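K.L.:
Just a sequence and a predicted model for now, questions to come.
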Amino acid sequence: MRITLSGNLSYCFGVRKTLTLVEDLLARNPDRTYYMYGEIVHNELVIRDLRQKGLSIIRDLTQIGPTGSVIIPSHGAPLRVFEDLRTRGIDVIDATCPMVRLIHEKAQRLEAGGAVVVILGDPRHDEVRGIAGHVSRALVFRRPEEVTPDALAGVLKAGVVVQSTFIREEALAILEAITTVVPEVVFEDTICRPTSERQEEVRLMAGRHDCVLIVGSRRSANTRHLYDLAAGENGCVHFVDDPEGIVGLPIAADATVFIASGASTPMSAVERAVELMQRRPIPPPAGEAEGKKNG
Ligand code: SF4
């Protein structure tokens, strides 16, 4: 088996920065209560570990006690969350990724320029909710077929931004649909660089290997997108949410395998996946195998 590892494994810089900050705070101030508004990353292993270290993950702001600090994760949060916490005098640690913050700023500028903000992404994703919560009004589209004259009724100018981890081709297809309905469209490509690099690499390498393994949680949007991209290029793609499941995967022992991971996947999961792949049996040399077959 020949294994090729992605050059973009484990956390993106935004997630790594937030995780380092949180782990440092928990270690330095064991008596203080830290709340995280939503999940820091969509990965069960990471969340479990942080809970064990003392982090409280909340969605409802009324769950916050009188003391303690609230950490805003890399996905960001709507403005009303910051306002609510500051009005109540609660300490806020803003760990929004700089690239997500840039999307907030671009959306606000588009709105100030007279456009209705349109977000291309998953309306249920925390990042998309956060972007929408930085402007007075936002429309969200996840697929081109959602773009209808009714959905965009009254919109004469659309200011379009994209969820940082969205697939570029899908974003462009939705954008094209919008341009057929709205007279004026301003587009800001806000897919972040770490996401673009991962997506381009996976697409390229999926076509050059027999099989692809995508390591990460199914709850992570960017990891699911990598899977979808690889599956578009290769018929042998496996989602590895539990590295221990690798043992039973139907991959030929002499296959070439490309291993990639989502931006929220811990390195320990990638290392375990590689270790288990390497332990799979090595096929006998071709001549020897033939000899055995004929004999
Ligand atoms: S995926 Fe991009 S925008 Fe999101 S945290 Fe990572 S670097 Fe930041």
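P.N.:
Cool, the structure landed. Numbers count the residues shown, from 1 in each chain.

K.L.:
State the distance from Arg219 to Ile47.
P.N.:
Arg219 is 10 Å from Ile47, where distance means Cβ to Cβ, to the nearest Å. C-beta: built from backbone N, CA, C; applies to glycine.

K.L.:
Those two: which is more packed in?
P.N.:
Neighbours around Arg219 and Ile47, counted as other Cβ atoms under 10 Å, are more numerous at Ile47. The numbers are 19 against 16.

K.L.:
Look at stretch 55-73 and report the distance between its end residues.
P.N.:
Distance across stretch 55-73, first residue to last, is 12 Å (Cα to Cα, to the nearest Å).

K.L.:
and if you look at stretch 20-40?
P.N.:
Using Cα to Cα, one end of stretch 20-40 lies 11 Å from the other.

K.L.:
With stretch 215-222 instead?
P.N.:
By Cα to Cα, the extent of stretch 215-222 from end to end equals 11 Å.

K.L.:
how about it: buried residues?
P.N.:
By neighbour count, with 16 or more other Cβ atoms under 10 Å as the criterion, the buried positions of stretch 215-222 are 215-217, 219-222.

K.L.:
With stretch 6-20 instead?
P.N.:
6, 8-12, 14-15, 18-19.

K.L.:
pLDDT on the helix or strand Glu176 falls within, on average?
P.N.:
Taking DSSP states H and E as the criterion, Glu176 maps to helix 168-179. Helix 168-179 shows a mean pLDDT of 96.

K.L.:
so what secondary structure elements neighbour it?
P.N.:
strand 116-120, strand 138-141, strand 157-162, strand 184-187 (3 or more Cβ pairs under 8 Å, 6 or more residues apart in numbering; DSSP states H and E).

K.L.:
what about the longest one and the ligand, any contact?
P.N.:
No. Interface with the ligand: strand 157-162 contributes nothing (Cβ under 6 Å from any ligand atom), its closest point being 10.8 Å away.

K.L.:
Name every strand pairing with that strand and say which way it goes.
P.N.:
Strand 157-162 has the following sheet partners, assigned by DSSP bridges: strand 116-120 (parallel), strand 184-187 (parallel).

K.L.:
As a markdown table, those strands with mean neighbour count and distance to the ligand would be great.
P.N.:
Formatted as a markdown table, the strands paired with strand 157-162 follow (neighbours: other Cβ atoms under 10 Å; distance: least, Cβ to the nearest ligand atom, whole Å):
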| stretch | mean neighbour count | distance to the ligand |
| --- | --- | --- |
| strand 116-120 | 25 | 14 |
| strand 184-187 | 16 | 18 |
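
K.L.:
so can I have a markdown table of these showing distance to Asp150 and mean pLDDT?
P.N.:
What follows is the strands paired with strand 157-162, written out as a markdown table (distance: least, Cβ to Cβ, whole Å; pLDDT from 0 to 100):
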| stretch | distance to Asp150 | mean pLDDT |
| --- | --- | --- |
| strand 116-120 | 14 | 98 |
| strand 184-187 | 18 | 98 |
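
K.L.:
what bridges to Phe187?
P.N.:
Beta-bridge pairing for Phe187 (DSSP bridges): Val160.

K.L.:
how close does it sit to Gly133?
P.N.:
Taking Cβ to Cβ, one finds Phe187 at 21 Å from Gly133.

K.L.:
One more: Tyr11?
P.N.:
Tyr11 is 25 Å from Gly133, by Cβ to Cβ.

K.L.:
check contacts around the residue of the chain found nearest the ligand.
P.N.:
In the chain, the residue that lies nearest the ligand is Gly14 (2.6 Å; Cβ to the nearest ligand atom). Counting by Cβ atoms under 8 Å, 6 or more residues apart in numbering, Gly14 makes contact with 74, 97-100, 192, 194, 263.

K.L.:
Over to Val161?
P.N.:
With contact taken as Cβ under 8 Å, 6+ apart, Val161 is in contact with 103, 106-107, 110, 117-120, 131, 188, 190.

K.L.:
hmm, which two among the contacts of Gly14 are most spread apart?
P.N.:
Within these, Pro98 and Ala263 form the most distant pair, 14.5 Å apart (Cβ to Cβ).

K.L.:
the more surrounded of these two?
P.N.:
Using other Cβ under 10 Å, the more surrounded residue of Pro98 and Ala263 is Ala263, with 29 against 11.

K.L.:
hey, C-alpha coordinates of the helix holding Glu176 in PDB?
P.N.:
Once non-C-alpha atoms are left out, helix 168-179 reads as follows in PDB (Å, rounded to 0.1, in the frame of the first residue of the first chain):
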ATOM      1  CA  ARG A 168     -16.500  27.300  -4.700                       C
ATOM      2  CA  GLU A 169     -18.200  25.600  -7.700                       C
ATOM      3  CA  GLU A 170     -21.400  25.400  -5.700                       C
ATOM      4  CA  ALA A 171     -21.100  29.100  -4.700                       C
ATOM      5  CA  LEU A 172     -20.600  30.100  -8.300                       C
ATOM      6  CA  ALA A 173     -23.600  28.100  -9.400                       C
ATOM      7  CA  ILE A 174     -25.800  29.900  -6.900                       C
ATOM      8  CA  LEU A 175     -24.300  33.200  -7.800                       C
ATOM      9  CA  GLU A 176     -25.100  32.600 -11.500                       C
ATOM     10  CA  ALA A 177     -28.700  31.900 -10.500                       C
ATOM     11  CA  ILE A 178     -28.900  35.200  -8.500                       C
ATOM     12  CA  THR A 179     -27.600  37.200 -11.500                       C
END
